[in-house]
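Participant: Pasting the sequence and the predicted model now:
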Amino acid sequence: SVFINGKAAVCGSGDQSLCEFDISRFLKEGKNRFVFILTACSSQSFLDAKELFGKFGLFRPVYLLSRPQGHVRDIAYTAKLSDDFREGEISVEIESDAAETAIAVLFDNEGNEVSKGRFNEDGRTVLTVFDPALWNIETPDLYTLEIVCCGEFIYKNIGFRRFYFVDGQARLNGRSITLNGCIYNDNFLSISDMKNDVLLMKRNHINAVLVSGVCADDGLLSLCDRFGILVVCGMNLDSTAFDRANDERYASDYSLFPLISSRIESQTHFLRGHTSLIGWCFDRFCKEGRNIFEAIELVRKFDTSSIF
């Protein structure tokens, strides 16, 4: 719960779930006083990862933004390659009341402008690149997407790559690839700690990582984008609390699905678009049941990456 200038303002629940609130009406000119109240348990505690049992606090960034009228509320973007890998397309969609005034510009890793487009009234545009530099394990080339809207400049890194399977063999940009992976947990780690870990993985020829059990940090995936490590994200769902009680309702009791779906929507929206992200995994929330099957379909609705 957040109190602003002595008034109850907003409330969110769920460990590591992305929360965003409009607090304009609670602010005043000059200094404002913010008070955060953290409770040990919430309505979603029984879905928390076991590593978080008994651990509380704010261990992810909290920040305050002042945004202009008509600002971009949401961004979704995907990069696609032609069958011969000679042409790339980046489809960008924004949510804004001033979308038709927005512009998208794409720069290569040397800062050269390679494509530019204006958004239509639906907030969509497509940027085309011929003979794009491909993102892969050895040379993780990234482009910089700049979105200009209402005086704001928003930057995202994005690469062109195609990951898929043929007869059970993983392929990246048409070449067979063997995944040499590890399981990683980024809880309570700083960006510098995660960077050291990613560099250690590269030195030991690890090219893939499963972020298990918790909501991965956006900074971790940005590092994997930069250094060339493929990522499978475990969903921020854990059945440990149910398993310890020999309770299987999490898989089939549909009254629990709104809590499950809110976590899935939060995590997929938070991490989608990263070039290194090749899929999602229900590694700690796996059993036959309606909730599980519908959770998988919900992930596919929000992100077209694979389900492992």
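Facilitator: The structure has been received and is ready for your questions.
Participant: Which strand residues bridge residue 89?
Facilitator: As for beta bridges, residue 89 partners with residue 80, residue 128 under DSSP bridges.
Participant: per-residue pLDDT, it?
Facilitator: Looking at residue 89, its pLDDT reads 96.
Participant: now swap in residue 15 and tell me
Facilitator: For residue 15, pLDDT reads 59.
Participant: swap in residue 287?
Facilitator: As predicted, residue 287 sits at a pLDDT of 82.
Participant: Report how many residues lie close to residue 91.
Facilitator: Residues within reach of residue 91, counting by other C-beta atoms under 10 Å, total 13. Every C-beta, even on glycine, is put in place using the N, C-alpha and C of the backbone.
Participant: who's in contact with residue 261?
Facilitator: Residues in contact with residue 261, defined by C-beta atoms under 8 Å, 6 or more residues apart in numbering, are 295, 298.
Participant: in which helix or strand would I find it?
Facilitator: Assigned by DSSP states H and E, residue 261 belongs to helix 257-271.
Participant: buried ones in that helix?
Facilitator: Counting neighbours by 16 or more other C-beta atoms under 10 Å, one finds that the buried residues in helix 257-271 are 257, 259, 260, 263, 264, 265, 266, 267, 268, 270, 271.
Participant: And residue 239, how close does it get to residue 39?
Facilitator: 22 Å (C-beta to C-beta, to the nearest Å).
Participant: These two: who's more crowded?
Facilitator: Between residue 239 and residue 39, residue 239 has the larger neighbour count (other C-beta under 10 Å), namely 21 against 10.
Participant: Against residue 63, how distant is the more buried one?
Facilitator: From residue 239 over to residue 63 the distance is 32 Å, taken as C-beta to C-beta.
Participant: What of residue 141?
Facilitator: Distance, residue 141 to residue 63, using C-beta to C-beta: 30 Å.
Participant: what's near enough to touch the most centrally placed residue in the chain?
Facilitator: Taking C-alpha atoms, centre = their mean as the criterion, residue 271 is the residue nearest the geometric centre of the chain, at 0.5 Å. Listed by C-beta under 8 Å, 6+ apart, the contact partners of residue 271 are 215, 216, 218, 221, 233, 277.
Participant: and residue 42, what pLDDT?
Facilitator: Looking at residue 42, its pLDDT stands at 69.
Participant: shift numbering so it begins at 358
Facilitator: Right, with 358 as the first residue, what we last looked at is residue 399.
Participant: The helix holding residue 618: how far from the chain's middle?
Facilitator: Relative to its chain's centre, helix 614-628 lies at 11 Å (C-alpha atoms, centre = their mean, to the nearest Å).
Participant: next one: stretch 490-501
Facilitator: Counting by C-alpha atoms, centre = their mean, stretch 490-501 is centred 19 Å from the centre of its parent chain.
Participant: For that stretch, measure first residue to last.
Facilitator: End-to-end distance for stretch 490-501, by C-alpha to C-alpha, to the nearest Å: 12 Å.
Participant: And for stretch 509-526?
Facilitator: Taking C-alpha to C-alpha, the first and last residues of stretch 509-526 lie 43 Å apart.
Participant: circling back: look at residue 498 and residue 420 and report which has more neighbours.
Facilitator: residue 498 (16 against 4).
Participant: just wondering, since we're on that one, how far is it from residue 544?
Facilitator: Separation of residue 498 from residue 544 (C-beta to C-beta): 31 Å.
Participant: Please identify the helix or strand for residue 557.
Facilitator: Applying DSSP H and E, one finds residue 557 within helix 548-560.
Participant: as a whole number, average confidence for that helix?
Facilitator: Computed over helix 548-560, the average pLDDT equals 95.
Participant: Just the residues contacting that helix, thanks.
Facilitator: Helix 548-560 is contacted by residues 539, 541, 543, 546, 566, 574, 576-577, 580-581, 584-586 when judged by C-beta under 8 Å, 6+ apart.
Participant: just stretch 516-525 next, same as before
Facilitator: With C-beta under 8 Å, 6+ apart as the test, stretch 516-525 has contacts from 436, 438, 442, 445, 486, 489-493, 497-500, 527-531, 582, 587, 632, 635, 663.
Participant: Just the ones of those in helices?
Facilitator: When the contacts of stretch 516-525 are checked against helices (DSSP state H), the matches are residue 582.
Participant: Derive a ChimeraX selection command for the buried subset of the contacts of stretch 516-525.
Facilitator: Per 16+ other C-beta under 10 Å, the buried members of the contacts of stretch 516-525 correspond to this ChimeraX selection:
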select :436,438,445,486,489,490,491,492,493,497,498,499,500,527,529,530,582,587,632,635,663
